[in-house]
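Student: Let's see this in three dimensions:
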Amino acid sequence: MSISPNDLDKLRVQIDGIDSELVKLLAKRAAITTKVGQYKSQVGLPIYVPEREAQLIAKRRAEAEDSGVSPVLVEDLLRRIMRESYHTQNVSYLCTNPTIKKIVVVGGAGALGRIFVDMFRRSDYQVELLEKDDWSNAQTILKDAGLVLVAVPIKLTDSIIASLNGLPEDCVLADITSTKEKPLAAMLKAHQGPVLGLHPMFGPDVPSLVKQVIVVCHGRHTEQYQWLLEQMRIWGGILQECDAKEHDDAMVFIQVMRHFCSFVFGSHLASENPDLQRLITLSSPIYRLELAMVGRLFAQDPALYADIIFDNKDSVARLTEFNTNFTEALKLVESGDKAEFIQQFSKVGTWFGDYAKQCLVNSKKLLLKADDDRSIDCD
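Tutor: Reported below is the predicted structural model:
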């Protein structure tokens, strides 16, 4: 059956009407999820409940298959909608320790510190900030504090902690530095009360703490800061516990090497000076994503990344080993030894195992999103 231009116009009008209905349904859903968030706040339920999310997606996928609709499409839409609904629920939270008199965030005016100040205030805590110009009044600010959270640059953390003298005995002393061994040792030395090391694995641009990982390194008197851990769970955070050494060893690979490689790649691009926009337009989605991750690094505070790379005690050793492996791999290319390259490639693939296959599946979702945004980059 042929379709005339007039028929096409009518079909487009129908599509526009359906799209308008979708917008109305999304608004209706958002109003309901806001009420859900209010209830969760009243009773202290966490914003993110993974079992509920998995159950919901499974049901909708089954309905999609029965209706002849792509279950992958439905899941993609639902995940995007749910991410938005978490944000509409991100209004206020139950206070897990209403007896606490106040919380002091040292460096609370900083980018990451502001997030925690905001979350504590949304949870109905009294929060005070202690900044560099406030030290003459520090004793007054710290008096009666139930939690002191250190949120200053890595290079200042140890000295700031050492200056926190005379905290209340039951006050929780915690930090959110990206290294953990040295700050945790400094806190244990400076304060005889409960001590806790935290590392938020996210930047200051996150819209909420839902699904964000926070590493927990226990220090002393764990029972006295359980309220804080529960508070972060209510916010939607995912807590991962490990000791300080394990944390710092892992961060060499998670942060130091990744950031350093991005720095070197970006530095090389800048020295070669290719047409950046041309590289972007010629790239497939995967290469655009990789380039975006490099570009993202250079849009942020260079001092932060200098601290991360320079202040880990194992940085030089691991980066030197990486340089050796890079040089050996380069020799394969120089000698034209494709067979050895393929053998080593397969060996590494075996080490990654099933995770490599899972990465292939997961990355397809990212690539589709990157492809959707292609027109934005080309304008």
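Student: ok, which stretches of the stretch 51-200 of the chain are strands?
Tutor: In the stretch 51-200 of the chain, the segments counted as strands under DSSP state E, counting those that start in this stretch are 103-106, 127-130, 147-150, 172-175, 195-200.
Student: Name the residues of stretch 278-295 that are buried.
Tutor: Using 16 or more other CB atoms under 10 Å as the test for burial, stretch 278-295 gives 280, 283, 285, 288, 291, 294. No exception for glycine: its C-beta is placed from N, CA and C like everyone else's.
Student: in the protein, which strand has the most residues?
Tutor: strand 213-220 (DSSP state E).
Student: Which elements pack onto that one?
Tutor: helix 181-190, strand 195-200, strand 238-241, helix 244-251 (3 or more CB pairs under 8 Å, 6 or more residues apart in numbering; DSSP states H and E).
Student: out of these, deepest packed?
Tutor: Mean neighbour count, computed with mean count of other CB atoms under 10 Å, is highest for strand 195-200 among these, reaching a mean of 25.
Student: Using PDB, list the CA coordinates for that one.
Tutor: In PDB, the C-alpha atoms belonging to strand 195-200 read as follows (Å, rounded to 0.1, in the frame of the first residue of the first chain):
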ATOM      1  CA  VAL A 195      37.600   8.000  63.500                       C
ATOM      2  CA  LEU A 196      36.500   7.100  59.900                       C
ATOM      3  CA  GLY A 197      38.100   7.400  56.500                       C
ATOM      4  CA  LEU A 198      35.900   8.000  53.500                       C
ATOM      5  CA  HIS A 199      36.600   8.400  49.800                       C
ATOM      6  CA  PRO A 200      33.700   9.500  47.600                       C
END
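Student: these two touch, right, residue 93 and residue 235?
Tutor: Yes. Residue 93 lies in contact with residue 235 (CB atoms under 8 Å); the separation is 6.2 Å.
Student: Pick out whichever of these two has more residues nearby.
Tutor: Using other CB atoms under 10 Å as the criterion, residue 93 and residue 235 rank with residue 93 on top: 26 against 22.
Student: For the more buried one, give me its contacts.
Tutor: Going by CB atoms under 8 Å, 6 or more residues apart in numbering, residue 93 touches 41, 44, 47, 119, 122-124, 231, 234-235.
Student: again, 10 Å this time
Tutor: Shown in contact with residue 93 (CB atoms under 10 Å, 6 or more residues apart in numbering): 37, 40-42, 44-47, 119-120, 122-125, 209, 231, 234-236.
Student: Just give me the neighbour total for the spatially closest residue to it that is not a sequence neighbour.
Tutor: Distances taken as CB to CB, 6 or more residues apart in numbering put residue 123 closest to residue 93, at 4.4 Å, once the chain neighbours are dropped. Using other CB under 10 Å, residue 123 has 21 neighbouring residues.
Student: which pair in the buried residues of stretch 278-295 spans the largest distance?
Tutor: Greatest spacing in the buried residues of stretch 278-295, by CB to CB: 285 and 294 (15.2 Å).
Student: Could you count how many residues lie near residue 338?
Tutor: Around residue 338 there are 11 residues (other CB under 10 Å).
Student: List the contacts of it.
Tutor: Applying CB under 10 Å, 6+ apart, the residues near residue 338 are 332, 345.
Student: From residue 328, how far out is it?
Tutor: Using CB to CB, to the nearest Å, we find residue 338 at a distance of 15 Å from residue 328.
Student: Run through this structure and note the low-pLDDT ranges.
Tutor: 1, 89-90, 369-379 (pLDDT under 70).
Student: okay, now the domains of it?
Tutor: Domain segmentation of the chain under automatic domain parsing yields 7-88, 103-242, 247-378.
Student: and those, which is most packed in?
Tutor: Most buried among the domains of the chain, counting by mean count of other CB under 10 Å: domain 103-242, with a mean of 19.
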